[in-house]
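# predicted structure and sequence below. I'll ask about it afterward.
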Amino acid sequence: DPAWAAMQRSLRNRCGSLIYFFRRGDASCMHMAPKVHEVSNDFERLHGGDVAFLEVEVDACPQTARFFDVDFVPAFRVLSHGEVRDAFSGVSSKVFHDSVARLET
């Protein structure tokens with residue numbers, strides 16, 4: 001969490017960001033991780049530095065998880081210029097893809 005202040009400044013400069021909150025060894029998180037990585041690679045390739053995909057391990061960064069009101073994992077926060085535009089949890093691929101698509105709007 002010590003680097004969180006610098007990260008917040010960086011997020012405010014991005015058109016869109018997705019934060020993926022996870023816990024090591026959690027079955028649901030392990031299910032979503034490949035989807036997150038695939039989409040993040042594709043999206044960053046298309047949009048470069050205008051977007052950011054971040055992974056936050058909730059046990060290693062509890063203050064960050066609390067800041068974003070993460071109660072369980074996997075959890076996602078979609079941001080625009082540092083402001084939360086969407087929040088969801090769970091393993092729904094459709095919800096995940098729909099929320100990522102909103103980064104482009």
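On my side now, so go ahead.

# drop to CA atoms for contacts and neighbour counts, all remaining ones
Will do.

# buried stuff in the helix or strand harbouring Phe96?
Using DSSP states H and E, Phe96 falls within helix 93-101. Buried residues in helix 93-101, counting neighbours by 16 or more other C-alpha atoms under 10 Å, are found at Phe96, Ser99, Val100.

# so where do the strands sit in this protein?
Applying DSSP state E to the chain gives strands spanning 16-22, 51-57, 75-80, 83-89.

# tally of neighbours for the closest residue to Met30 other than its chain neighbours?
Of all residues beyond its chain neighbours, the one nearest Met30 is Arg24 (8.0 Å), with distances taken as C-alpha to C-alpha, 6 or more residues apart in numbering. Other residues near Arg24 number 11, with proximity taken as other C-alpha atoms under 10 Å.

# I'd guessed Arg24 sits against Glu57; true?
Yes. Arg24 sits in contact with Glu57 when judged by C-alpha atoms under 8 Å, with a separation of 7.2 Å.

# and the gap between the nearest residue to Glu83 once chain neighbours are set aside and Ala33?
Nearest residue to Glu83 in three dimensions, chain neighbours excluded: Arg12, at 7.5 Å (C-alpha to C-alpha, 6+ apart). Computed with C-alpha to C-alpha, to the nearest Å, the distance linking Arg12 and Ala33 is 25 Å.
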